[in-house]
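Q: this one's structure only:
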C-alpha cells in the first residue's frame with residue numbers, strides 16, 4: 001500500500017460515524033447542495049437556450065430547498081422572497097431589486113463586480129455560478145460531515161448564486177417568472193410532470209416521466 005493511500009484510509013471520517021450524526025435536516029441540506037452543484041456543472045456544459053432554461057430552473061428548485069432551512073436569517077429571507085415569492089406578483093426581472101438587497105446587506109464596494117455578473121460581462125456569470133454552488137456545497141459538507149453549523153456564512157453565497165442565475169436569465173432573454181413556471185410544469189404537471197402524483201416517490205424520480213416522448 002502506498003504511503004498516500006494509507007494516509008487516506010487512516011484519516012477519512014468513517015461512514016458509520018457520519019451516519020450516526022445525520023439528521024433529516026442534514027440529509028435534506030446535503031441533497032439540496034449536491035443538486036445545486038450538479039446542475040451548475042450542467043449549466044457550464046449546456047449552452048443551448050432550451051437546456052439553459054431547464055438547468056436554471058433545476059438550480060432554483062434546489063436553491064429554494066436549501067434556503068428554506070435558513071429563512072430565519074433576515075438577509076436570506078429577503079433574497080428568498082425576491083427569487084421565489086415576489087416574482088409571482090411582478091413578472092419583470094427582479095435583478096435590480098436583488099442588487100439593492102445585496103447593496104444594503106453587503107455594502108457597495110463590490111458593485112462593479114456584481115454588475116459584471118448581472119450583465120454577463122467577460123463570461124464571468126457562469127463561472128461565478130459554479131463557484132457559488134461549490135461554496136454552498138463545501139459549507140454544507142462542513143456542517144453535515146464535521147458538525148460545524150455556520151449558517152450565516154451561506155448568505156453571501158446565496159446572493160452570488162442568485163445574482164448569477166438572474167444574470168444568465170437576462171443574457172438569454174428569459175423572464176425569471178418563465179423559468180420558475182417552466183420548472184413547475186416539468187415537475188408537477190398532472191399529465192406530463194415528473195411528479196404528476198403531486199408528491200415525491202423514488203419510482204417517479206427514476207421513471208423521469210417528463211423526459212419521455
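A: Looks like it arrived, so ask away. Since the model is a prediction, treat every value here as computed from it, not as a measurement. Numbers count the residues shown, from 1 in each chain.

Q: Now do stretch 163-183, average pLDDT.
A: What stretch 163-183 shows for mean pLDDT is 91.

Q: That one: how far from the chain's middle?
A: On the basis of C-alpha atoms, centre = their mean, to the nearest Å, stretch 163-183 sits 13 Å off its chain's mean C-alpha point.

Q: what ranges do the helices span in the chain?
A: 3-11, 15-20, 24-45, 49-67, 74-80, 95-106, 111-118, 124-146, 154-172, 176-188, 202-207 (DSSP state H).

Q: Give me the contact list for the helix or strand of the chain with the lowest mean pLDDT.
A: The helix or strand of the chain with the poorest confidence is helix 202-207; it has a mean of 75 (mean pLDDT, DSSP states H and E). With C-beta atoms under 8 Å, 6 or more residues apart in numbering as the test, helix 202-207 has contacts from 194, 195, 196, 197. The C-beta positions use only the backbone N, C-alpha and C, and glycine is treated the same way.

Q: so who does the third one touch?
A: In this case it means residue 196. Shown in contact with residue 196 (C-beta under 8 Å, 6+ apart): 188, 189, 190, 204, 209.

Q: out of these, who's nearest residue 147?
A: Nearest to residue 147 among those: residue 204, at 32.9 Å, using C-beta to C-beta.

Q: The closest one: neighbour count?
A: Neighbours of residue 204 under the rule other C-beta atoms under 10 Å: 17.

Q: tell me the pLDDT at residue 141?
A: Confidence at residue 141, expressed as pLDDT, is 94.

Q: Give me the neighbour count for it.
A: 15.

Q: picking up where we left off before, Serialize the contacts of helix 202-207 to JSON lines and add fields for pLDDT.
A: Shown next, in JSON lines, are the contacts of helix 202-207 (pLDDT from 0 to 100):
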{"residue": "194", "pLDDT": "80"}
{"residue": "195", "pLDDT": "76"}
{"residue": "196", "pLDDT": "75"}
{"residue": "197", "pLDDT": "75"}
